[in-house]
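Novice: here's my sequence, what's the structure:
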Amino acid sequence: GESVTNVMGIADLFPVARVPLFLRAGGGGAFYTNNRPGGYGGSGMSWTAGGGYEFRVRGRLGLAPMVAWSAGHLGDSPDPTNLETGRRFSVVEFKLDILWHFGRAK
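Specialist: Below you'll find the predicted structure:
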């Protein structure tokens, strides 16, 4: 198999009070796995930016559809016979977060 995994710190910003529209940004590490014969993995930095809207479903339960763009570097292949350099990825993500609010309900 082949995969890209991101491990990031994420921050959400709600720029307008009482409006559940948010902006999201984050950064961290990207890890590429390639289990094919002669394949090489790698790692590097990654980041994400996007936004969404939070809907309260019932009580403390909410849903947040969002769109984000994630990108990063996956490093060069360590094999001198394999000339893969500057490996990168870029993806547009459509997500749906399920939220549970702790603390006092507003």
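Novice: pLDDT at residue 74, what is it?
Specialist: Residue 74 is assigned 85 on the pLDDT scale.
Novice: in the protein, which spans are strands?
Specialist: Taking DSSP state E as the criterion, the chain carries its strands at 2-13, 21-34, 42-53, 55-58, 61-75, 87-100.
Novice: number of residues surrounding residue 66?
Specialist: Using other Cβ atoms under 10 Å, residue 66 has 18 other residues around it. C-beta: built from backbone N, CA, C; applies to glycine.
Novice: was I right to think it contacts residue 95?
Specialist: Yes - counting by Cβ atoms under 8 Å, residue 66 touches residue 95, with 5.1 Å between them.
Novice: and for those two, which residues touch both?
Specialist: Shared contacts of residue 66 and residue 95 (Cβ atoms under 8 Å, 6 or more residues apart in numbering): residue 52.
Novice: for residue 21, give the beta-bridge partners.
Specialist: Here residue 21 sits in beta bridges with residue 53, as judged by DSSP bridges.
Novice: hmm, it is touching residue 15, no?
Specialist: Yes - using Cβ under 8 Å, residue 21 is in contact with residue 15, at 7.4 Å.
Novice: and these two? which has more neighbours close in?
Specialist: Taking other Cβ under 10 Å, residue 21 and residue 15 do not tie; residue 21 has more neighbours (12 against 9).
Novice: enumerate every residue touching the more buried one.
Specialist: By Cβ under 8 Å, 6+ apart, the neighbours of residue 21 are 14, 15, 51, 52, 53, 54.
Novice: which pLDDT value belongs to the second one?
Specialist: Per-residue confidence (pLDDT) for residue 15: 93.
Novice: what about the closest residue to it other than its chain neighbours, distance to residue 76?
Specialist: In this structure, residue 15 finds its nearest non-sequential neighbour in residue 23, 6.6 Å apart by Cβ to Cβ, 6 or more residues apart in numbering. Going from residue 23 to residue 76 by Cβ to Cβ, to the nearest Å gives 33 Å.
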